[in-house]
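Visitor: Make a model of this:
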Amino acid sequence: MGNPTMWFEVAGKDQQALKGFYSQLFDWQITDMEAMPYATIDTGNGEGIPGGIGAAPDGDSGHVTFYVRVEDIDSSLAKAESLGGTKVMGPMDIPSGQIALFTDPEGHRIGLMTQTG
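Guide: This is a model prediction of the structure:
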């Protein structure tokens with residue numbers, strides 16, 4: 001059985017403007033997190049995968065990324081690299097587990113995520 005896509009995120013230079021844009025465009029409820037400069041998205045209809053909107057790191061123009069749930073981030077990053085991908089970040093602890101980023105052979109940014117609990 002394959003690994004499920006479990007999260008998406010939009011990150012950009014102006015997080016506040018992006019929050020306003022997406023909440024108005026799609027009627028999403030957006031809630032700021034206390035633990036980090038990030039906001040979660042609730043589509044309000046119980047369908048689709050959840051997501052978030054964050055600020056892009058300094059020097060990064062922003063990105064749209066989907067995250068795939070994996071059991072072991074280190075081995076998944078190693079496999080991505082063996083197939084021609086490039087590690088970008090992580091693993092990094094977050095309140096719900098760990099995340100990491102890599103690019104595929106064409107430079108598309110993909111996220112990996114483990115979940116605790």
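Visitor: What is the longest helix along the chain packed up against?
Guide: What stands out as the longest helix in the chain, according to DSSP state H, is helix 15-26. Applying 3 or more C-beta pairs under 8 Å, 6 or more residues apart in numbering; DSSP states H and E, one finds that helix 15-26 makes contact with strand 5-12, strand 29-32, strand 38-42, strand 51-55. All C-beta spots, glycine's among them, are computed from the backbone N, C-alpha and C.
Visitor: which other residues reach stretch 95-109?
Guide: Contacting residues not belonging to stretch 95-109 are listed as 35-36, 63, 65, 67, 73, 76-77, 80-81, 83-92, 110-117 [C-beta atoms under 8 Å, 6 or more residues apart in numbering].
Visitor: Keep only those of those residues that are in strands.
Guide: Secondary structure from DSSP state E places 63, 65, 67, 86-92, 110-115 of those in strands.
Visitor: Next, give me the two most distant ones among those.
Guide: Within the ones in strands among the contacts of stretch 95-109, Thr86 and Gln115 form the most distant pair, 24.4 Å apart (C-beta to C-beta).
Visitor: In the record's domain split, what are the boundaries for this structure?
Guide: Domain assignment for the chain by automatic domain parsing gives 1-58, 70-117.
Visitor: In TSV, list these along with mean pLDDT and mean neighbour count.
Guide: As requested, these are exported to TSV (pLDDT from 0 to 100; neighbours: other C-beta atoms under 10 Å):
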stretch	mean pLDDT	mean neighbour count
domain 1-58	89	14
domain 70-117	91	15
